[in-house]
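1. Fold the following and give me the result.
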Amino acid sequence: MSNPQQLRYTKEHEWLSAAEDGASKVGITAHAANALGDVVFVQLPEIGDSVTAGEPCGELESTKSVSELYAPVSGEITEINQDVVDDPALVNSAPFEGGWLFAVRFAEEPADLLSADEYAAFVAGG
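-> Next up, the predicted model:
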């Protein structure tokens, strides 16, 4: 699965969409979902919580392990994806569509977010 060009990426394997109504959706990449294995539980921040770029803000539990979820930007949580809470397998089956995790309103996008091509090179080790 290729990485959508319109998204920005982190080296922790999260993606960030362009802002809609002042907030951007956040999820994990297909690469991360594949590495995790079957996701069976998600712990997400609460609506209204403040998150800090690069800091843990939740957890993803799979049949293999528990992994921390990192905030790609600093801001306020405006929405969580209840569908993924109810059916964590969406993280694996649709990481860039129905498997998004939460939406965040932020003032400033960090300079260290990667383009789709830069993320692909990072994952490939280049």
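2. ok, and the closest non-adjacent residue to the residue positioned nearest the centre of the chain?
-> Residue closest to the average C-alpha location in the chain (CA atoms, centre = their mean): Gly27, at 2.4 Å. Leaving aside its chain neighbours, Gly27 sits nearest to Trp100 (4.1 Å; criterion: CB to CB, 6 or more residues apart in numbering). Just so you know, the C-beta spots here come from the backbone N, C-alpha and C atoms, and that holds for glycine as well.
3. now swap in Leu60 and tell me
-> If the residues on either side of it in the chain are set aside, Leu60 comes closest to Ser67, at 5.1 Å by CB to CB, 6+ apart.
4. How about Thr10?
-> Pro72 (4.8 Å).
5. three-state assignment of the one you found?
-> Secondary structure, DSSP: H, G, I helix; E, B strand; the rest coil: Pro72 is coil.
6. who's in contact with it?
-> Counting by CB atoms under 8 Å, 6 or more residues apart in numbering, Pro72 touches 8, 10, 12, 14-16, 26, 53, 110, 113.
7. now the strands for this protein?
-> Per DSSP state E, the chain carries strands over the ranges 8-9, 14-16, 24-28, 39-43, 50-51, 56-62, 66-70, 75-80, 102-105.
8. Flag every buried residue along stretch 104-120.
-> By neighbour count on 16 or more other CB atoms under 10 Å, the buried set for stretch 104-120 is 104, 106, 109, 113-114, 116, 119-120.
9. Among the residues you listed, find the lowest-pLDDT one for me.
-> Minimum pLDDT for those is recorded at Glu109 (75).
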